[in-house]
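Novice: whatever this is, show me its structure:
(one chain, ligands or ions: 1)
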Amino acid sequence: MTVRTRMAPSPTGEYHIGHIRTLLYNYALARQQNGQFIIRIEDTDQKRLVPGATEAILQVIKDYGLSWDEGPDIGGPYQPYIQTDRLPIYQRHIQELLAKEKVYYCFCTPDRLAKMHQDQKAQKQLPKYDRHCLHLNPQEIQTNLDNNVPYVIRLKVPDNEDIIFTDAIRGTIKINTTEIDDQVLIKSDGIPTYHFAAAVDDHLMNITHILRGDEWISSTPKAILIYRYFGWELPVFAHLPVFLDPSGQGKMSKRKGTVSARSFLDDGYLPEALLNFLMLLGWNPGTNQEIFSLEEFVKIFSLEHVHKKQPIFDRAKLDYLNGLYLRQLSDNEYISRLQPFIPQADTQTLKALCPLIKERSSTLKSTAQMIAFLFTDIQADPKLFLSDKITPPIAKAMVQAMVTIMKQISDPKDTAKLQSQCLDSIKNNNWKTGDFFMVLRVAITGSRFTPPIIESLAFLSKEKIIARLQALEANL
Ligand code: GLU
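Specialist: A predicted model of the protein is given here:
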């Protein structure tokens with residue numbers, strides 16, 4: 001058997017970081033067996049389509065360093081891979097189920113359905129279709145069709161039957177059909193719903209393993225019924241636990257911080273670090289090893305080592321891993337990754353800055369912010385250091401001392417000399433070393449978090465340093 005897995009994005013918005021994790025596991029499962037990993041675009045929910053979303057999703061997957069063997073852009077033996085290009089296929093298949101009486105026409109008006117749901121809500125019942133149209137006789141159906149009465153086609157769900165399946169991660173799952181709605185499979189515009197299109201495609205595309213987020217568990221019995229009615233062999237189902245918010249309280253969500261896959265790249269996380277982080281979010285190798293290349297992961301991934309427990313999305317761990325990956329890059333590679341985050345910086349200067357910043361990097365964006373003061377004007381806010389101990393007169397004296405040192409020194413790149421003159425001045429005035437350098441740091445950079453300040457001065461002209469010191473002095 002050739003393992004074939006798929007990821008089936010709906011182009012209804014941005015791709016979530018959790019989707020990339022699910023995709024990564026699907027990718028690994030297929031590639032390790034020399035199978036195929038497929039991308040299929042599920043765009044049947046036309047009302048929720050977002051223009052450009054398909055292209056954006058495909059691009060972000062590529063930008064994470066992942067690829068696919070068949071898909072909408074590259075085609076493949078089971079094309080097309082966009083569901084709205086496959087409508088005749090669903091039409092053919094629904095005819096088969098109509099002939100087998102496994103599905104039925106429903107002519108209920110939206111008003112009737114709304115009233116029905118209202119009543120069910122009032123009586124605290126599960127919102128489910130009441131099967132009003134289940135027993136229409138063939139003449140009634142034909143008359144309605146002849147009169148062009150709008151209709152949908154619904155799945156005939158058996159009464160009170162336990163649908164049991166083995167989930168490769170969660171074990172046996174049992175859902176009784178009383179909990180399952182007679183799902184609409186074809187909508188009144190003739191377009192299938194997700195449930196029908198996905199089942200038909202998964203079968204026709206020979207998908208062997210359906211690995212997806214566990215919010216889809218409740219849909220699985222519907223897919224199983226569709227497979228059964230056609231007489232098809234079931235694929236393996238495996239449902240991955242979704243991420244928990246770092247607070248440990250509830251699902252990770254937009255409200256609590258970034259979730260879009262793109263935004264992590266925009267924030268300056270390396271794709272390889274993100275993938276490594278995602279590998280460990282729901283899976284463990286059974287050893288203490290934490291650092292994996294994509295190639296290594298593909299070799300050793302297995303569904304047996306996927307956890308049932310919801311993993312916590314630990315951003316501090318991501319920062320740590322990203323720092324680790326950044327430090328492993330050669331200086332040239334590091335600079336080429338950093339440069340897009342600080343386009344105004346020239347390669348030469350970045351190269352010289354490497355020893356000061358590489359060790360301190362956690363993300364490329366924060367590193368770029370940390371050195372932006374070298375390339376743009378700054379605003380130094382005395383509030384960043386003023387306290388009971390660093391009062392305005394003290395800060396002023398410190399700034400003046402630094403101006404004097406700068407004016408006297410012939411070369412601001414003579415770091416050792418600068419350092420010793422600063423230390424002398426601190427000693428003579430009985431200042432605290434940390435206080436002095438904080439005032440200097442804020443004056444020059446506008447921030448409290450920077451590369452070592454004396455070494456950084458070497459990247460600015462004497463005039464600029466003095467001008468910044470005097471600008472702060474004027475504000476004290
Ligand atoms: N189109 C569904 C989604 O947006 C796919 C669900 C599945 O994998 O079956 O996630």
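
Novice: any idea how far Cys422 is from the most far-flung residue of the chain relative to its centre?
Specialist: Here the chain reaches farthest from its C-alpha mean at Asn428, the gap being 54.7 Å by C-alpha atoms, centre = their mean. When distance is defined by C-beta to C-beta, to the nearest Å, Asn428 is 11 Å away from Cys422. Glycine gets a C-beta too; all of them are placed from N, C-alpha and C.

Novice: quick one, phi/psi of His239?
Specialist: phi -110, psi 120 (degrees, to the nearest 10).

Novice: repeat that for the one 3 residues further on.
Specialist: Main-chain torsions, Val242, degrees, to the nearest 10: phi -80, psi 160.

Novice: let's verify the residue farthest from the centre of the chain: helix, strand, or coil?
Specialist: The assignment at Asn428 comes out as helix when based on DSSP: H, G, I helix; E, B strand; the rest coil.

Novice: check contacts around the closest residue to Ile444 other than its chain neighbours.
Specialist: Among residues not flanking Ile444 along the chain, Arg468 sits closest, at 5.4 Å (C-beta to C-beta, 6 or more residues apart in numbering). Listed by C-beta atoms under 8 Å, 6 or more residues apart in numbering, the contact partners of Arg468 are Ile378, Ala380, Ala443, Ile444.

Novice: count of residues packed around the last one?
Specialist: Ile444 has 23 neighbouring residues, counting by other C-beta atoms under 10 Å.

Novice: that one sits in which helix or strand?
Specialist: helix 433-445 (DSSP states H and E).

Novice: quick one: buried residues of that helix?
Specialist: By 16 or more other C-beta atoms under 10 Å, the buried positions in helix 433-445 come out as Asp435, Phe436, Phe437, Met438, Val439, Leu440, Arg441, Val442, Ala443, Ile444, Thr445.

Novice: near the ligand, which residues of the stretch 151-300 of the chain are found?
Specialist: Tyr194, Ala198, Arg212, Trp216 (C-beta under 6 Å from any ligand atom).

Novice: what about the nearest residue to Ala352 once chain neighbours are set aside, distance to Ala467?
Specialist: Distances taken as C-beta to C-beta, 6+ apart place Phe459 nearest to Ala352, at 7.3 Å, with adjacent residues excluded. Taking C-beta to C-beta as the measure, Phe459 falls 15 Å from Ala467.

Novice: if you count what's nearby, which of the two comes out ahead?
Specialist: Higher neighbour count among Phe459 and Ala467: Phe459, with 18 against 13, using other C-beta under 10 Å.

Novice: contact partners for Leu211?
Specialist: Leu211 sits next to Thr5, Thr22, Tyr25, Asn26, Leu29, Ala238, Leu240, Leu303 when contact means C-beta under 8 Å, 6+ apart.

Novice: what about 6 Å?
Specialist: Going by C-beta atoms under 6 Å, 6 or more residues apart in numbering, Leu211 touches Tyr25, Asn26, Ala238.

Novice: any idea how far the residue nearest to Ala352 lies from Pro452?
Specialist: Distance, Phe459 to Pro452, by C-beta to C-beta: 11 Å.

Novice: over to Phe375?
Specialist: If you measure Phe375 against Pro452 using C-beta to C-beta, the figure is 18 Å.

Novice: and the residue nearest to Ile444, which of the three is it?
Specialist: Assigned with three-state DSSP, Arg468 falls in the helix class.

Novice: mind listing the strands for the chain?
Specialist: For the chain, strands defined by DSSP state E occupy the ranges 4-7, 36-39, 103-106, 152-155, 162-167, 171-176, 184-186, 209-213, 236-240.

Novice: picking that back up, list just the nearest of the contacts of Arg468 to Ala401.
Specialist: Ala443 (11.8 Å; C-beta to C-beta).

Novice: which one is that closest one nearest to, not counting chain neighbours?
Specialist: Once flanking residues are discounted, Ala443 sits nearest to Leu472: 4.2 Å by C-beta to C-beta, 6+ apart.

Novice: please apply the same query to Gly65.
Specialist: Nearest to Gly65 is Pro271, by C-beta to C-beta, 6+ apart, at 4.6 Å.

Novice: surely the one you found and Lys62 touch.
Specialist: No - counting by C-beta atoms under 6 Å, Pro271 stays clear of Lys62, with 9.6 Å between them.

Novice: circling back: list only buried entries from the residues of the stretch 151-300 of the chain next to the ligand.
Specialist: Neighbour-count burial (16+ other C-beta under 10 Å) applied to these gives Tyr194, Ala198, Arg212.

Novice: tell me where the model's unsure across the stretch 301-450 of the chain.
Specialist: Residue ranges of the stretch 301-450 of the chain with pLDDT under 70: none are present.
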